[in-house]
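1. sequence below, structure please.
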Amino acid sequence: MNIKIVIFFVCAVLVGFAFRNPGEITPARVLHQMYDSIKNVKTMRTKVAALERIDKKFSSANSEYLVQTSPRKVYFVNRTKKLEVLYNTELYGRKALVKPNVFPYMTLSLDPTGNIMRKNQHYSIHELGYSFIGTSIALTLSKDKDGLNHFSYKGKSHKNGYTCFLLEYENKNYNYVDYKVGDKETVGVIASKLCVNEYLLRDNNDLLNDFGYLRKGKILKVPTLYCKKAVLFIDEKLMLPISISLYDDAGLFESYEYTNIEINKPFKKDDFNRDNKNYGF
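-> Reported below is the predicted structural model:
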């Protein structure tokens, strides 16, 4: 299923529910406003604390990044691991420049969707920013026909220095079904086709680092829903997520906390150039 069509359909549904009770704070109203805000993000700077379950263990990381949505440009840095990534198709084509703090200690040009950059990662650099959150919620609702009724508004809450609307989603009918792999299908293709979470599809089929074509006819265990539970803190001023946590039947599988958020502020000319004196490429 085309992701853009899914998002358009979900947004149309939200519009219908968002204004049924004027003045009342409802999950549909908050989600609709969040989608509008995400669509209007042209540039962003932020710090992100990520917690991701990888092979039954949790991996944490603190990073900073700059994102320009169109044309898409990304600068990512994890200062603790001394890892930098720069993606700018205007200057460097479809490859990302990567400066690791491990041998061979030199700048590499890598495929952002390849196994080297995606190894032990829930998402590629193409998902950095807020678009992946909007897509995640849209896919959750598209897989759950009664999805809005599984969202609840828990009131206002403070998170990371922001005053937020707190939303929770939970569907206890989360389960798994069999899927037979077709010709020239990858995990990413199947996840997109079935509107499910790619990480969960990999995790439940021992395919965490398999980014090539899968064997035709192989039987996979596929989640019936995008996630079992989600907790979102959405800032009441920016109407953008400050925190998102997603759960499956085993518990938390990923959480992202955003701070120091700057939206739609212009970048400097060299912010996406390897020659920036503050970068290590």
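
2. all strands of the stretch 51-200 of the chain, in order?
-> For the stretch 51-200 of the chain, applying DSSP state E, counting those that start in this stretch gives strands covering 57-69, 72-78, 83-88, 96-99, 108-110, 151-159, 162-170, 176-180.

3. okay if I get these as a markdown table plus mean pLDDT?
-> Output for the strands of the stretch 51-200 of the chain, formatted as a markdown table (pLDDT from 0 to 100):
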| stretch | mean pLDDT |
| --- | --- |
| strand 57-69 | 95 |
| strand 72-78 | 96 |
| strand 83-88 | 96 |
| strand 96-99 | 96 |
| strand 108-110 | 94 |
| strand 151-159 | 95 |
| strand 162-170 | 96 |
| strand 176-180 | 96 |
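
4. out of the ones you listed, which is closest to residue 39?
-> strand 57-69 (9.5 Å; CB to CB). Backbone N, C-alpha and C define where each C-beta goes, glycine included.

5. send me that closest one as CSV with only the CA atoms.
-> Taking Å, rounded to 0.1, in the frame of the first residue of the first chain, the C-alpha atoms of strand 57-69 are listed here in CSV:
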residue,chain,number,x,y,z
LYS,A,57,18.6,-5.8,24.7
PHE,A,58,18.2,-2.0,24.9
SER,A,59,20.6,0.4,23.2
SER,A,60,20.6,4.1,24.2
ALA,A,61,22.1,7.0,22.2
ASN,A,62,22.1,10.8,22.5
SER,A,63,22.4,12.6,19.2
GLU,A,64,21.9,16.0,17.6
TYR,A,65,20.7,16.6,14.1
LEU,A,66,19.7,19.2,11.5
VAL,A,67,17.1,18.3,8.9
GLN,A,68,15.9,20.2,5.8
THR,A,69,12.9,18.5,4.4
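
6. strand partners of it, parallel vs antiparallel please.
-> Applying DSSP bridges, strand 57-69 is found paired with strand 43-54 (antiparallel), strand 72-78 (antiparallel).

7. by how many degrees do it and strand 83-88 diverge?
-> Here strand 57-69 points in a direction 30 degrees away from that of strand 83-88 (axes from the mean of the first three to the mean of the last three CA atoms, to 10 degrees).

8. now strand 57-69: buried residues?
-> By 16 or more other CB atoms under 10 Å, the buried positions in strand 57-69 come out as 63, 65-69.

9. quick one: contacts of that strand?
-> If you take CB atoms under 8 Å, 6 or more residues apart in numbering as the criterion, strand 57-69 is touched by 41-53, 73-81, 120, 128-129, 131, 267, 271-272.

10. now the buried members of these.
-> When the contacts of strand 57-69 are checked for burial by 16+ other CB under 10 Å, the buried set is 41, 43-46, 48, 50, 52-53, 73-78, 128-129, 131, 271-272.

11. thinking again about what came up before, looking at the strands paired with strand 57-69, which is closest to residue 252?
-> strand 43-54 (6.9 Å).

12. give me the contacts around the closest one.
-> By CB under 8 Å, 6+ apart, strand 43-54 touches 58-69, 120-122, 129-130, 199, 203, 208, 250, 252-267.

13. turn the strands of the stretch 51-200 of the chain into CSV, including distance to residue 232.
-> Below are these laid out as CSV (distance: least, CB to CB, whole Å):
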stretch, distance to residue 232
strand 57-69, 20
strand 72-78, 23
strand 83-88, 26
strand 96-99, 29
strand 108-110, 32
strand 151-159, 9
strand 162-170, 5
strand 176-180, 24
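
14. and residue 254, helix, strand or coil?
-> Under DSSP: H, G, I helix; E, B strand; the rest coil, residue 254 falls in the strand class.
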